[in-house]
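Novice: 3D, please:
(one chain, ligands or ions: 1)
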Amino acid sequence: MKQTPRERRIEMRMEEGTLARDGFLGDDPLRLDRMDVDARVLADAGISREEIGEVLQGLWQRARALMGEAYEPVPGVTVEVGEARGRIPCPFGHPGIYAKGVMTIEHGDRVLRVSPLSIHMIRSHGFFGGRGSMFRIEPDAAADLVRRLAAPAWQ
Ligand SMILES: [Zn+2]
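Specialist: The predicted structure follows:
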């Protein structure tokens, strides 16, 4: 796909060793075009990136308040936050800087890794990470998680 200069700049910031040692694109042959594919998956799932962002942000805040202790927001989902030093800007190139840190969400046999920056990129940009990258979340896995958390355990 022919890229605009802006898209080219975003992709360069996402490369390994620019903003983050491992970069954001993984080994995904689609590179930034993955975003279009992910948007279609989400549309089919009937869940918005804003809803996913809200849920992940809520889990993050509660996990942070527990200071590293794991918790179960609903049975079958376990959430834990690990500390990391430093901050990182958004590769989409607007003001804003995000604390490093990793939240691990175990949901059935799936393990999702989330950072404050990845939550922001999902919510504001619809970027779920390149396949093979550390913070890649498959949009259908995120949609399953949102549904799981929306359905109270007693239903
Ligand atoms: Zn951004």
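
Novice: going forward, measure contacts and count neighbours with C-alpha atoms only.
Specialist: OK.

Novice: biggest helix in the chain by residues?
Specialist: helix 49-65 (DSSP state H).

Novice: Point out the other elements, helices or strands, that the following helix or strand past that helix touches.
Specialist: Sequence order places strand 71-74 as the next helix or strand after helix 49-65, per DSSP states H and E. With contacts taken as 3 or more CA pairs under 8 Å, 6 or more residues apart in numbering; DSSP states H and E, strand 71-74 sits against strand 77-82, helix 139-150.

Novice: now the angle between helix 49-65 and the shortest one, please.
Specialist: Counting by axes from the mean of the first three to the mean of the last three CA atoms, to 10 degrees, strand 77-82 lies at 60 degrees to helix 49-65.

Novice: can you check the last one too?
Specialist: With the same axes, to 10 degrees as the criterion, the two stretches helix 139-150 and helix 49-65 enclose an angle of 60 degrees.

Novice: Could you shift the numbering so residue one becomes 5, and keep it that way?
Specialist: New numbering, starting at 5: the last item is helix 143-154.

Novice: backbone phi and psi for the residue nearest the centre of the chain, please?
Specialist: The centroid of the chain falls nearest to residue 122 when counting by CA atoms, centre = their mean (3.8 Å). Main-chain dihedrals, residue 122, degrees, to the nearest 10: phi -70, psi -30.

Novice: How many residues are close by the nearest residue to residue 64 once chain neighbours are set aside?
Specialist: The shortest distance from residue 64 to any non-neighbouring residue, by CA to CA, 6 or more residues apart in numbering, is to residue 107 (6.8 Å). Around residue 107 there are 23 other residues, counting by other CA atoms under 10 Å.

Novice: Likewise for the one 5 residues further on?
Specialist: By the measure other CA under 10 Å, the count of residues near residue 112 is 10.
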